[in-house]
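Colleague: 3D model of this:
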Amino acid sequence: MRWVSDHQEVGNGAQWIVESESDKMVKSEMKFGDLEGHYYATFALNPVTKGSKVT
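Modeller: Down below sits the predicted model:
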């Protein structure tokens, strides 16, 4: 996913999935404008009645 924004608080960037484990987790890497470095977000998935709990 990529985004472009005229709002300074939002800026430009991209996010993509780098790792996933079915019914357990999704890890994504993000790029923010011209910032250097590696930025990650990990979502833990836990099965619950009628769906999944995302943390």
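
Colleague: Does K31 touch G13 like I think?
Modeller: Yes - using C-beta atoms under 8 Å, K31 is in contact with G13, at 5.6 Å. All C-beta spots, glycine's among them, are computed from the backbone N, C-alpha and C.

Colleague: Just the pLDDT at the residue lying closest to P47 once chain neighbours are set aside, thanks.
Modeller: Closest residue to P47 apart from its sequence neighbours, by C-beta to C-beta, 6 or more residues apart in numbering: D23 at 6.0 Å. pLDDT for D23: 89.

Colleague: Do I have it right that D23 meets S52?
Modeller: Yes - at 7.3 Å, D23 counts as touching S52 under the criterion of C-beta under 8 Å.

Colleague: With neighbour numbers in mind, choose between those two.
Modeller: A count of neighbours by other C-beta atoms under 10 Å puts S52 above the other of D23 and S52, at 13 against 9.

Colleague: Name the residues linked to the more buried one by a beta bridge.
Modeller: S52 has these beta-bridge partners by DSSP bridges: P47.

Colleague: Does it touch M25 like I think?
Modeller: No - applying C-beta under 8 Å, one finds S52 not in contact with M25, separated by 10.9 Å.
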